[in-house]
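**Q** What shape does this take:
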Amino acid sequence: MRVGTLEKHSSRGFTLIELLIAVAVFGVLIVAITPFISMGFQYRELAKRDEHTLNMQKIAGGIMNYARTSNGGRLPAPYTGGSYKSTIYNSGDTSAAGQALSMELRNTGVPVNAINDDNSAVQNVRVYQRVSGLTQAIPFYFSTGTNVTLTYDVGALVQTKCPLSGACNTAIPGDSPTMTAANVTTWAPAGEDYGGIVFSTLPEQKAMLRQTTGRLNRLADKLASEFYTRLRLAAANSTNNFFPLPNNAGAPSYVGRNPVVNMGCHNGWYRLSDANVNVLAQIGLDPSEFGVTAWGGAIEYCQDYEPTASGTSTANTAPHYAALRINRSVSLGAAPTGVLANDVVITF
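**A** This is a model prediction of the structure:
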C-alpha cells in the first residue's frame, strides 16, 4: 500500500517592517495632500463668498431700480419681521409699494429664498441699513441758478455669519457698525461680515433735477413762443400781455392780485396741473408731465410778473414778463410755499 504525503501550504502576512513602511508612505501622502484639501475648502468658501457678493450687487441694483421708478428716488426702509432684523424686504407685503419692490428684486435673477439670507441650512442673514434724509444744495441748473435742496438716501448691504435662529440676530445682526449720517462716508463691514455694498440715491436725485429743469425750460420756451405768436396776430400798436391765461369753464381768475404780497405776481399763481387750468392745453403740453416736477411737486405759473412793483397800478403794462415757480426743496415733491426764500422762480 502506498502511503501519500500531505503537501504543506504556508501563508505569509506583512512583516513589521513592511507595515512601518506602509504607514510611513501613507503619512507622507497625507502630509503632501493636506494643503491641497485645505486649499480646496478655501476655494469653495471663496467661491460661495463671491456668489453671495454678486447676489448682493444684484439686490442693490433692484433696490435702486425701485427707488428710481416707484419711490421718487428714495430707498425703501429696511424690513424687520418674521424673525428677520433689518433685512431687505417683506415677501408677504401686498401693498402697491411692497409689490413694486418685490418685482424689482425678482427681476434681478436672485432666487427669492436667497434675498434676505444666504439660503444655507442655517440661513445666515443679510443686513440692509439705510440712512435717509441726507441733503445737498446744488444750483438749479447745476452750474448756475438758485440753489435747490436735493434729499437723498444711502443704503448698505452686508452678508453676516449670523444664523436666523441665532442669539446674534438682534437689532442689526452681524459684526458691522450701525451706519449713521456721521459715518456714512466711511462705513465698512467689520468682523466676519463680508461683501459690503454701499449705494446712494443722490445720482438719481440729480437725474430727476435734470428732468425737471428740462421741463421748465420747455415750458418757458412754449409760453414765450405763444406770446409772440399772439403778438404777431394783434394790432401793430398793441401793448397787451399775450401770455396765455386759463379760459376754460370753471377756470380760476387771479387778476388784480397785489404783487407786493403775491410774490411779484399781478395775475397768478396758477397751478398748471389743475384740471380747471387749461394753460398747457393751449400750448400743446401734457399737464401730467409738464404740470409737475419729476417728483410730482406742483409747477405754478404767473401770467403777469413784476417783482419790483409797488402796487397794482402797473398791472398788464409793457414790458411783459411771466414766471414759473416750484418748491426749492424739490425732492420733497411739495407745492410752492409762496415765500421767496423757500421757492425757485424762473422768469421769461
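**Q** contacts, neighbours, all on C-alpha from now
**A** Fine.
**Q** Would you state the strands of the stretch 201-348 of the chain in chain order?
**A** With DSSP state E, counting those that start in this stretch as the criterion, the stretch 201-348 of the chain has strands at 265-267, 270-271, 300-302, 304-305, 323-327, 343-347.
**Q** Let me fix that, I meant to ask about the stretch 1-150 of the chain.
**A** Using DSSP E, counting those that start in this stretch, strands in the stretch 1-150 of the chain cover 79-81, 84-87, 124-139, 147-163.
**Q** among the strands of the stretch 201-348 of the chain, which is nearest residue 98?
**A** strand 323-327 (28.7 Å; CA to CA).
**Q** can you list contacts of the closest one?
**A** Contact with strand 323-327 is made by 216, 220, 293, 297-305, 333-337, 342-348, as judged by CA atoms under 8 Å, 6 or more residues apart in numbering.
**Q** List buried residues within the residues you listed.
**A** 216, 220, 293, 297-305, 333-336, 343-345 (16 or more other CA atoms under 10 Å).
**Q** how about JSON lines for the strands of the stretch 1-150 of the chain, with mean pLDDT added?
**A** As requested, those are arranged in JSON lines below (pLDDT from 0 to 100):
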{"stretch": "strand 79-81", "mean pLDDT": "97"}
{"stretch": "strand 84-87", "mean pLDDT": "97"}
{"stretch": "strand 124-139", "mean pLDDT": "98"}
{"stretch": "strand 147-163", "mean pLDDT": "98"}
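**Q** Export the ones you listed as JSON lines, with columns for distance to residue 322 and mean neighbour count.
**A** Converted to JSON lines, the strands of the stretch 1-150 of the chain look like this (distance: least, CA to CA, whole Å; neighbours: other CA atoms under 10 Å):
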{"stretch": "strand 79-81", "distance to residue 322": "48", "mean neighbour count": "14"}
{"stretch": "strand 84-87", "distance to residue 322": "50", "mean neighbour count": "22"}
{"stretch": "strand 124-139", "distance to residue 322": "22", "mean neighbour count": "20"}
{"stretch": "strand 147-163", "distance to residue 322": "21", "mean neighbour count": "22"}
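**Q** any chance of those strands in CSV, plus distance to residue 101?
**A** Formatted as CSV, those follow (distance: least, CA to CA, whole Å):
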stretch, distance to residue 101
strand 79-81, 12
strand 84-87, 13
strand 124-139, 14
strand 147-163, 15
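**Q** which stretch among those comes nearest residue 279?
**A** Closest among these, using CA to CA: strand 147-163, at 25.9 Å.
**Q** now the helices: where do they sit in the chain?
**A** Under the criterion DSSP state H, helices of the chain are mapped to 16-70, 96-106, 202-233, 279-282, 287-290.
**Q** Report all helices and strands that the fourth one contacts.
**A** The criterion is 3 or more CA pairs under 8 Å, 6 or more residues apart in numbering; DSSP states H and E, and the helices and strands that helix 279-282 contacts are helix 287-290.
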